[in-house]
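K.L.:
With the input below, show me the fold.
(2 chains)
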Amino acid sequence: DSGVTQTPKHLITATGQRVTLRCSPRSGDLSVYWYQQSLDQGLQFLIQYYNGEERAKGNILERFSAQQFPDLHSELNLSSLELGDSALYFCASSVEAGGITDTQYFGPGTRLTVL
Amino acid sequence: SQKIEQNSEALNIQEGKTATLTCNYTNYSPAYLQWYRQDPGRGPVFLLLIRENEKEKRKERLKVTFDTTLKQSLFHITASQPADSATYLCALAGDSSASKIIFGSGTRLSIRP
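P.N.:
Predicted coordinates for the structure are as follows:
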């Protein structure tokens, strides 16, 4: 158990809908990272927040947005969902903002299925 | 474009032998390289980080090499055990920013008793 929690575990929704994925980092970690893992694209970095501020951005679609709250939990909002958004979404956390140089602890993921 | 290649086929190894996984990259000059383990339906688990100026890194039964001339990293598990069966991902970054991290597709390793 990494100490990172994600809810919900599974999510099934329809095209065009909007969903919110939630992540609670390990106690004491200030950075939260969001990743998407699909069969055809592999694991891809989406966005990082550090202590409430956006720190780094990957190939995140404009339909997707995220935020980190004062208690350091984070939410990833996905809107106007398409079939191709079906994937595993992972959250990871680390103590500092060092990106690849910080050990990132991954949560169990949220499996999103868009029908 | 930048490309990372890992053995696309599963690797089957007899218990006790050394498993060697390969991560090749093209059109890229990474400053950092990581290896992760991922079990089915679970999040990746960080194993090792190696920097471009380091040739080799070890941790218990794990060893990673980083050859910037060959554009290749090798990941070794010595005295392999069935519990080492998993998918192993390599990740590279041109600098420490998370926005520069790219992952390979992973190699599935199976250790038979």
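K.L.:
which residues does the closest residue to chain B within chain A bridge with?
P.N.:
Going by C-beta to the nearest C-beta, chain B is nearest to residue A:106 of chain A, at 3.1 Å. C-beta coordinates here come from the backbone N, C-alpha and C atoms, glycine included. Counting by DSSP bridges, residue A:106 forms beta bridges with residue A:92.
K.L.:
what about it, how many neighbours?
P.N.:
If you count neighbours by other C-beta atoms under 10 Å in any protein chain shown, residue A:106 ends up with 22.
K.L.:
Test my guess that it contacts residue A:3.
P.N.:
No: look at residue A:106 against residue A:3 with C-beta atoms under 8 Å: they stay out of range, at 10.3 Å.
K.L.:
who are the neighbours in contact with the residue of chain A closest to chain B?
P.N.:
Contact analysis of residue A:106 by C-beta atoms under 8 Å, 6 or more residues apart in numbering or on different chains lists A:2, A:4, A:35, A:90-92, B:43-45.
K.L.:
Most neighbours among these, please name it.
P.N.:
residue A:91 leads the contacts of residue A:106 on contacts (other C-beta under 10 Å) with 31 neighbours.
K.L.:
contacting residues for that residue?
P.N.:
A:4, A:6, A:21, A:23, A:25, A:32-35, A:74, A:76, A:106-107, A:109.
K.L.:
List just the nearest of the residues you listed to residue A:12.
P.N.:
Nearest to residue A:12 among the contacts of residue A:91: residue A:21, at 13.3 Å, using C-beta to C-beta.
K.L.:
List the residues that contact that closest one.
P.N.:
A:6-8, A:11, A:75-78, A:89, A:91, A:110, A:112.
K.L.:
Give me the buried entries from those residues.
P.N.:
Among the contacts of residue A:21, those classed as buried by 16 or more other C-beta atoms under 10 Å in any protein chain shown are A:6, A:11, A:75-76, A:78, A:89, A:91, A:110, A:112.
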